[in-house]
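>>> 3D model of this:
(chains A and B)
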Amino acid sequence: MNAFFSGLLRLRRTPWENLATVLIALGVVMLMQPFALILFTWSFPVTLVGTVMFIITSHFPE
Amino acid sequence: MSEPMARRIASATPSGLAHRIRGLSDRTIAWLFVAPTIFLLLAVNIFPLIWTIRLSLTDFRTNRPNNPVKFVGIENYKKILTDVDTWTSLQSTAHFLIWTIVLQVLIGFTLAYLINKKFRGNDLWTTLIVLPMMLSPAVVGNFWTFLYQPQIGLFNYFIEFFSGTDPASFSMIGEVNLAPWAIVIVDTWMWTPFVMLICLAGLRSIPSSIYEAAECDRASKWRQFWTITIPMVLPFLMLAVLFRGIENFKMFDLVVQLTGGGPGSTTQLVSIDLKREAFEKWRTGYASAYAVILFVTVFGLASIYVKALNKVKDR
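Sure thing, here's the model as predicted:
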């Protein structure tokens, strides 16, 4: 856990990519879930942030 | 190429042109070769994408091209993401996507595993299984409409044969709780051979020496399956899921032909909803925002999927 946060602080690729992956997956689940409209409403911003983050952080050093 | 031939071609090149080409660096020549592709990519993919994003921020309507176009900011996005009908379409798409992928992977892999065994008539069976994939979705949609007919359709008689249910008592494409399954069955029937072919390529790429070594170590068939077959076919399976996932997210023709999005809106997938917004209601700006939302979703999913695929391949 500690390595994850220090990786984030040192702008390393793996932890940032993992964070972006979680955001994208969360956004897609929120988009298609049948339970709460509020989750659907916020799904696109979450997916967008995740996708942009993924594109940027995939250029970070390993 | 033989030397005299090369010399003849060189002598046929006009001297001015030859001099100019000789003056170019390797990098410039490489760029010259790649430039037409890049130009085509920009014109066909990137420009329409940017134009769609621009339109999504306006109230433009294609059927009223002379009306002044008003910039509305993220209003279209707000409307889509608070619309209950759009939410329902996305849930229908999720149902379709999840079940088609699960069934196609399970049946496709099983078929590939069986076809991979050496037996008489192997090639004939492969050809027969692959046939549905070669048909046009419009044709498939049309003849499954007949198969699903309650009075004359073979599908209902097939169900009667196994369950004893009266064939005229239910309609696969006319009932709210059956229609989503009707489209899942047809897509599975049509595209399972595709998954099977990819799995078969994976199975045939496993060297037999690995199985022979496992036999020497007295590994059981079950253990060989889980520790050799599955890990080595996994990248191929993931590729099949990626292809089918993206394709089914955009599914349009087959479902339109089968149910037209009905009954009500139970089989109205996002692509059908998007087409209605764009070309029936003519809300171009709104439809563009809808398309951008779908694009970002598919792009995000594909990105993490490609990352996972690379990890599996590197293992």
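>>> from here on, contacts and neighbour counts on C-alpha atoms
Noted.
>>> Quick check: the gap between B:Thr82 and chain A.
6 Å (Cα to the nearest Cα, to the nearest Å).
>>> That residue sits in which helix or strand?
If you go by DSSP states H and E, B:Thr82 is not part of any helix or strand.
>>> Contacts only, for it.
A:Leu37, A:Phe40, A:Thr41 (Cα atoms under 8 Å, 6 or more residues apart in numbering or on different chains).
>>> rerun that using 7 Å as the cut-off
Residues near B:Thr82 by Cα atoms under 7 Å, 6 or more residues apart in numbering or on different chains: A:Thr41.
>>> cool, and B:Gln91?
Listed by Cα under 7 Å, 6+ apart, the contact set of B:Gln91 reads A:Met32, A:Gln33, A:Pro34.
>>> any idea how far chain B is from the second one?
With the distance defined as Cα to the nearest Cα, A:Gln33 ends up 7 Å from chain B.
>>> what sits up against whichever strand or helix holds B:Glu212?
Using DSSP H and E, the element containing B:Glu212 is helix B:208-216. Residues outside helix B:208-216 that contact it (Cα under 7 Å, 6+ apart): B:Gln224.
>>> How about that helix, which residues are buried there?
B:Tyr211, B:Ala214 (16 or more other Cα atoms under 10 Å in any protein chain shown).
>>> do the same with stretch B:230-238
B:Met232, B:Val233, B:Leu234, B:Pro235, B:Phe236, B:Leu237, B:Met238.
>>> In contact with the last one, which residues?
Read that as B:Met238. B:Leu309.
>>> What's the local residue count around B:Leu131?
11 (other Cα atoms under 10 Å in any protein chain shown).
>>> And it, how close does it get to B:Ala179?
According to Cα to Cα, to the nearest Å, B:Leu131 and B:Ala179 sit 25 Å apart.
>>> what's in contact with the worst-scoring helix or strand of chain A on mean pLDDT?
Every helix and strand of chain A was ranked by mean pLDDT, DSSP states H and E. The lowest is helix A:2-9, at a mean of 77. Identification of contacts with helix A:2-9 by Cα under 7 Å, 6+ apart yields A:Pro15, A:Trp16.
>>> Get me the contact residues on chain A for chain B.
For chain A, the contact set with chain B under Cα under 7 Å from any Cα of the partner chain comprises A:Thr21, A:Ile24, A:Val28, A:Met32, A:Gln33, A:Pro34, A:Phe40, A:Thr41, A:Phe44, A:Thr47, A:Leu48, A:Thr51.
>>> Please identify which pair of the residues you listed lies farthest apart.
Within those, A:Pro34 and A:Thr51 form the most distant pair, 22.9 Å apart (Cα to Cα).
>>> who's more crowded, the two?
Shown here are A:Pro34 and A:Thr51; by other Cα under 10 Å, A:Thr51 has more neighbours (27 against 16).
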